[in-house]
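[1] Pasting the sequence and the predicted coordinates here, then a few questions.
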Amino acid sequence: MKKRLENLLHSAVSVLKANGDLAPDFDPTILLERARDAQHGDFATNLAMTLAKTARCNPRQLAEKIVAALPHDPVVAKVEIAGPGFINFFVDPKARHRIIADIHEAGHEFGKSTVGAGRKVQVEFVSANPTGPLHVGHGRGAAYGASVANLLAAAGFEVYREYYVNDAGRQMDILAASVWLRYLEECGEVLSFPSNGYRGEYVRTIAWDLHKKVGEKFRRPAAEVMADIPPDEPEGGDKEAHIDALVARVKSLLGPANYRIVFDAGLDSILDDIRQDLEEFGVHYDRWFSERSLAETGAIERALIKLQEAGYLYERDGATWFASSRLGDEKDRVVVRENGQMTYFASDIAYHLDKLERGFDQIINIWGADHHGYIPRVKAAIKALGGDPERLHVLLVQFAVLYRGEEKVQMSTRSGEFVTLRQLRNEVGKDAARFFYVMRKSDQHMDFDLKLATSRSNENPVYYVQYAHARICSVFRQLDEKGWTRDLVGGMNHLDLLTETHESALINTLSRYPEVVEQSALQHEPHHLVHYLRELAYEFHTYYNAHQFLVENAALRNARLNLIAAVRQVVYNGLSLLDVSAPESM
RNA sequence: GCGCUUGUAGCUCAGCCGGAUAGAGCAUCGGCCUUCUAAGCCGAGGGUCGCAGGUUCGAGUCCUGCCAAGCGCGCCA
């Protein structure tokens, strides 16, 4: 409908050009908006006002010329010029009612579009280090990323969902060391656990499992483990030096093969937990991309060679640097450290080279907002590798600030003091958590009050939307109980009986759904869909209270049933995009 | 100090590419269940859109400055 009216305006502009009212080479962008006020019709455009200056004529006169030049179309009931020069369109009721049949015919497909034109887009999200369970901060990225991916798929993109597994690097070594130290405790050794180690209970569980599996095979005397290790922070030392020395000690005492077993015990256990956690959260991936594989297949070296060949690498102070400052970054970045180790950034360059080579039209990275300083260097890397940095879209997610009532909850993965995503799901449920997370714009700070979300979950707005769905299902159950049968065709033939204000409003809102999906997808902003669903639910509830659906008049009854069936379908489709269930009864 | 982001009702937040009288939820107050589920509906109060300039037919929206908050500025990840 919107596109149809836009086309009418385009032809009107062509007519004005031919008449000499507008410069022939001038190509205006036509903006047609939904009217905010029913008095202003269904759609409005400010075209006359934006063109007034170039056309050297006052907006209202120009508006009259545009209206006069509009081709006739039966869907347009009336066109009005209002205010300073708005052109308001009133759509013919019959044409408006058509949406109900459209929704019925399209079913689950209603709202999908082809704007994406099958372009390949990769969405990488969550990608939390597998050093512990996901916490509520990751939950927001998971909910947001999954919803954006769903929306893009609905908008006709070919979507690849990917999780980048940071299964290499110092943090993972610290995890392995933590597992081993807990294992030694399990064996009966007495030692002080490093302040910078992973102290969470899950590490003990992993150690316990490991002990059960391998027995005392990896046991070494505590004295041997701790010999000549620099003191930890509580003893007046440096906690980083302490933990690094411990990691080195673990590696030397166990040897590469056994170290890998301990390392993998931690990695596999945590990664399995994360996978299951996300599955239960309705978040599915096409691929789990291993960082370690980049080193093992030589992909990192290959990426560095490409940078070298492009002339962007140099040596300084014993390290290898990437000259990212020549490509928009504020300073150059180390890719190979003085000690020969690759930095995290080196892996990331290789990963993005891989993404480029896989031929994605769009690469979407969803990161925590604290990583925003990282964007210029990744864009620089893409440029240096010969890719187009415009293809990379980094979407930032602010971590939710947790509160218990008035009290702010401090979180730290290392200390093990955090609320996990699993706890949140258990307490508020998947649906409420998914909905709550994407209610707000992702790059905004969000206050997440656990007390409110857990103890008073009935107030969560997700129930409001779900209730609309359940109520409609209930109406159809009542229909059966009354012994009536729904007459679909008869209802469609009598849609003109839907003349109540509530009905017009609902029909109008239903017709907006495809636009909302498209906008939410292209702007990567699922919260628009959430707001839309709340509005649709509101309009249904208020209609429900104002009018009876199961009336004696069969024509009216079936018309209304078709309307609410359409509402049910759209609520269902919208919630599906958020991976929120649409219950048939509550 | 520099960079990025944000500042809208008591609280949490929307506000489309600059458009018509700035919205919602929660909270507060007052109503509505013998009638399709009251997890609902109807109504009321509540605003210097951080502050000050600028751009123009028109600014919550764009620009500049200031104030405030968050994040980032490692051979960490």
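    Looks like it came in fine.
[2] Which of the helices or strands spans residue A:268?
    Taking DSSP states H and E as the criterion, residue A:268 maps to helix A:239-280.
[3] what sits against the residue in the stretch 201-350 of chain A that RNA strand B sits nearest to?
    Nearest residue of the stretch 201-350 of chain A to RNA strand B: residue A:317, at 2.8 Å (C-beta to the nearest atom of the strand). Using the backbone N, CA and C atoms, a C-beta is placed for each residue, glycine as well. Going by C-beta atoms under 8 Å, 6 or more residues apart in numbering, residue A:317 touches residue A:338.
[4] Distance check, it against residue A:343.
    Residue A:317 sits 14 Å away from residue A:343, taking C-beta to C-beta, to the nearest Å as the criterion.
[5] before we move on, what about residue A:224?
    Noted for residue A:224: a distance of 32 Å to residue A:343, by C-beta to C-beta.
[6] Run the chain-centre distance for the helix holding residue A:268.
    How far helix A:239-280 lies from its chain's middle: 30 Å, per C-alpha atoms, centre = their mean, to the nearest Å.
[7] tell me what it is packed against?
    Judged by 3 or more C-beta pairs under 8 Å, 6 or more residues apart in numbering; DSSP states H and E, helix A:239-280 is in contact with helix A:170-187, helix A:201-214, helix A:222-226, helix A:421-428.
[8] Residue A:374: which of these is closest?
    Closest approach to residue A:374 among the helices and strands packed on helix A:239-280 (C-beta to C-beta): helix A:170-187, 16.2 Å.
[9] and the closest one, which residues are buried?
    Buried residues in helix A:170-187, counted by 16 or more other C-beta atoms under 10 Å: A:171-187.
[10] Double-check residue A:526 against residue A:144; I have them as touching.
    Yes: at 6.8 Å, residue A:526 and residue A:144 qualify as touching, with contact defined as C-beta atoms under 8 Å.
[11] Need the residues touching each of the two.
    Residues touching both residue A:526 and residue A:144 (C-beta under 8 Å, 6+ apart): residue A:438.
[12] who in the stretch 1-150 of chain A is up against RNA strand B?
    Residues of the stretch 1-150 of chain A lying close to RNA strand B (C-beta under 7 Å from any atom of the strand) are A:29, A:31, A:33-37, A:39-40, A:44, A:46, A:49-50, A:52-53, A:59, A:82-84, A:86, A:88, A:129.
[13] and what of the stretch 151-300 of chain A?
    By C-beta under 7 Å from any atom of the strand, the part of the stretch 151-300 of chain A that sits against RNA strand B consists of A:166, A:169, A:170, A:171, A:240.
[14] Let me see the contact set for the second one.
    Read it as residue A:169. Here residue A:169 is in contact with A:291, A:344, A:347 (C-beta under 8 Å, 6+ apart).
[15] Restricted to strands, list those residues.
    The members of those all map outside strands under DSSP state E.
[16] From the residues you listed, list the buried ones, please.
    Among the contacts of residue A:169, those buried by neighbour count (16+ other C-beta under 10 Å) are A:291, A:347.
[17] Which of the contacts of residue A:169 scores worst on pLDDT?
    Note: of the contacts of residue A:169, the lowest pLDDT belongs to residue A:344, at 92.
[18] how far away is the nearest residue to that one once chain neighbours are set aside from residue A:546?
    Leaving aside its chain neighbours, residue A:344 sits nearest to residue A:169 (5.9 Å; criterion: C-beta to C-beta, 6 or more residues apart in numbering). According to C-beta to C-beta, residue A:169 stands 61 Å off from residue A:546.
[19] now do residue A:180
    In terms of C-beta to C-beta, residue A:180 sits 68 Å off from residue A:546.
[20] Helix or strand next in line after the helix or strand containing residue A:436, which one?
    Under the criterion of DSSP H and E, residue A:436 resides in helix A:430-437. Counting by DSSP H and E, the element after helix A:430-437 in chain order, helix or strand, is strand A:446-449.
[21] Counting neighbours, which bits of that following strand end up buried?
    For strand A:446-449, by 16+ other C-beta under 10 Å, it's A:446, A:448, A:449.
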